[in-house]
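1. next input, structure requested:
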Amino acid sequence: QVQLVESGGGLVQAGGSLRLSCAASGRTISSYFMGWFRQAPGKEREFVAAISWSGTSTYYADSVKGRFTISRDNAKNMVYLQMNSLKPEDTAVYYCSAAKGATRLEVEYDYWGRGTQVTVSS
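-> Predicted coordinates for the structure are as follows:
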């Protein structure tokens, strides 16, 4: 079992930045492909970014490419999402997740945090 706890969300003006953190416990995350998803009000949860087990490969949704950066520190059992140039449409609850295999598909992630709210004002 892996427990995931997100932090770092908040209210920010458009154009601003936030850094989300995901603290893992229970097992080392080095054996997991890690992802971030988000869910806006009235919408389905969607893929944001993912990172390979060693951190050498990263993957992004087109909507955040060039603005968001995912990273991981396996020694600290942490995953991060640096979000720059934030837009009002980035407003959502952001979730950290862990999967055994490389995937962007929500259904293939085994473990989820409870999420952290990000609100971007215009």
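2. using the three-state scheme, assign the most centrally placed residue in the chain.
-> Residue closest to the mean C-alpha point of the chain, counted by CA atoms, centre = their mean, is residue 36 at 2.5 Å. Here residue 36 takes the strand state, with states given by DSSP: H, G, I helix; E, B strand; the rest coil.
3. in this protein, what residue spans correspond to strands?
-> 3-7, 10-13, 18-25, 33-39, 46-51, 58-60, 68-73, 78-83, 92-99, 111-112, 116-121 (DSSP state E).
4. ok, which of those comes nearest residue 105?
-> Nearest of the strands of the chain to residue 105, taken as CB to CB: strand 46-51 at 7.8 Å. C-beta coordinates here come from the backbone N, C-alpha and C atoms, glycine included.
5. between the closest one and strand 78-83, how big is the angle?
-> Interaxial angle of strand 46-51 relative to strand 78-83 (axes from the mean of the first three to the mean of the last three CA atoms, to 10 degrees): 120 degrees.
6. can you spell out which helices and strands pack onto strand 46-51?
-> strand 33-39, strand 58-60, strand 68-73, strand 78-83 (3 or more CB pairs under 8 Å, 6 or more residues apart in numbering; DSSP states H and E).
7. swap the cut-off to 10 Å and go again
-> strand 33-39, strand 58-60, strand 68-73, strand 78-83, strand 92-99 (3 or more CB pairs under 10 Å, 6 or more residues apart in numbering; DSSP states H and E).
8. save those strands as TSV, and put in mean pLDDT too.
-> Formatted as TSV, these follow (pLDDT from 0 to 100):
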stretch	mean pLDDT
strand 33-39	98
strand 58-60	98
strand 68-73	98
strand 78-83	98
strand 92-99	98
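9. using TSV, lay out the ones you listed together with distance to residue 49.
-> Shown next, in TSV, are the helices and strands packed on strand 46-51 (distance: least, CB to CB, whole Å):
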stretch	distance to residue 49
strand 33-39	5
strand 58-60	5
strand 68-73	4
strand 78-83	6
strand 92-99	10
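10. report how many residues lie close to residue 110.
-> If you count neighbours by other CB atoms under 10 Å, residue 110 ends up with 13.
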